[in-house]
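S.K.: got a sequence here, can you model it:
(chains A and B)
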Amino acid sequence: NAGVTQTPKFQVLKTGQSMTLQCAQDMNHNSMYWYRQDPGMGLRLIYYSASEGTTDKGEVPNGYNVSRLNKREFSLRLESAAPSQTSVYFCASSIEWDSDTYEQYFGPGTRLTVT
Amino acid sequence: AQSVTQLDSHVSVSEGTPVLLRCNYSSSYSPSLFWYVQHPNKGLQLLLKYTSAATLVKGINGFEAEFKKSETSFHLTKPSAHMSDAAEYFCVVSGDGANNLFFGTGTRLTVIP
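M.R.: Below is the predicted model of the structure:
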């Protein structure tokens, strides 16, 4: 039982390049989330997927797209990377979205640098 | 609207002394509140959560937090710090009952041997 896994762990991109961050969970959770973590700002929600087949914008969705490929996998795509997207990206999952009694489980993060 | 203020960006304590990490919140609803810990280069782990049951919440690794509605506070405490407690701690409030979390900016805890 690996929990939430993310690939890659590190990535360096040039401005304008594209890439996809991968996330998978093996806990049979319905809901999945993408956050970014910037120094001094805590974590901010980019997109979430309440259930398979649905996605919704969070607090900071501009410049990103997501795909809920199946129940296990939730990917985050940067179509044209910008230096402002330099950050640490965390994927998380929870049993359901519609109750805050369910704990979110976090992956180890992807450290992305855009030059 | 929901928001969280962590009053200290950095706290330094000696090993074996008490830990106090302060958090104030603002919420339009009856909030659920959480403390998460992040060790260096790791993901976040839930320490404890308050969801309108007992106001004194016990978590893992000897941590506790007390929900005080009159003070809109949810401070995290531990009687005796251990070296392994050195990490970043995040106070988190949920939004409108859904699993939509709002994070504070974090408090870095340093434990001095």
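S.K.: correct me if wrong: A:F10 contacts A:T110.
M.R.: Yes: if you go by C-beta atoms under 8 Å, A:F10 and A:T110 touch, sitting 7.3 Å apart. (Each C-beta comes from the backbone N, C-alpha and C, glycine too.)
S.K.: who has more neighbours, these two?
M.R.: In this view A:F10 and A:T110 are compared by other C-beta atoms under 10 Å in any protein chain shown, and A:T110 has more residues nearby, 22 against 9.
S.K.: show me where chain A has strands.
M.R.: Under the criterion DSSP state E, chain A contains strands at A:4-7, A:10-13, A:19-25, A:31-38, A:42-49, A:56-57, A:64-68, A:74-78, A:87-94, A:105-106, A:110-114.
S.K.: turn these into CSV, columns for mean pLDDT.
M.R.: Formatted as CSV, the strands of chain A follow (pLDDT from 0 to 100):
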stretch, mean pLDDT
strand A:4-7, 96
strand A:10-13, 96
strand A:19-25, 97
strand A:31-38, 95
strand A:42-49, 92
strand A:56-57, 93
strand A:64-68, 97
strand A:74-78, 98
strand A:87-94, 95
strand A:105-106, 92
strand A:110-114, 96
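S.K.: would you turn those into TSV with distance to chain B?
M.R.: Shown next, in TSV, are the strands of chain A (distance: least, C-beta to the nearest C-beta, whole Å):
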stretch	distance to chain B
strand A:4-7	7
strand A:10-13	10
strand A:19-25	11
strand A:31-38	6
strand A:42-49	4
strand A:56-57	10
strand A:64-68	16
strand A:74-78	14
strand A:87-94	5
strand A:105-106	4
strand A:110-114	9
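S.K.: any idea which helix or strand in chain B has the lowest mean pLDDT?
M.R.: strand B:98-103 (a mean of 79; mean pLDDT, DSSP states H and E).
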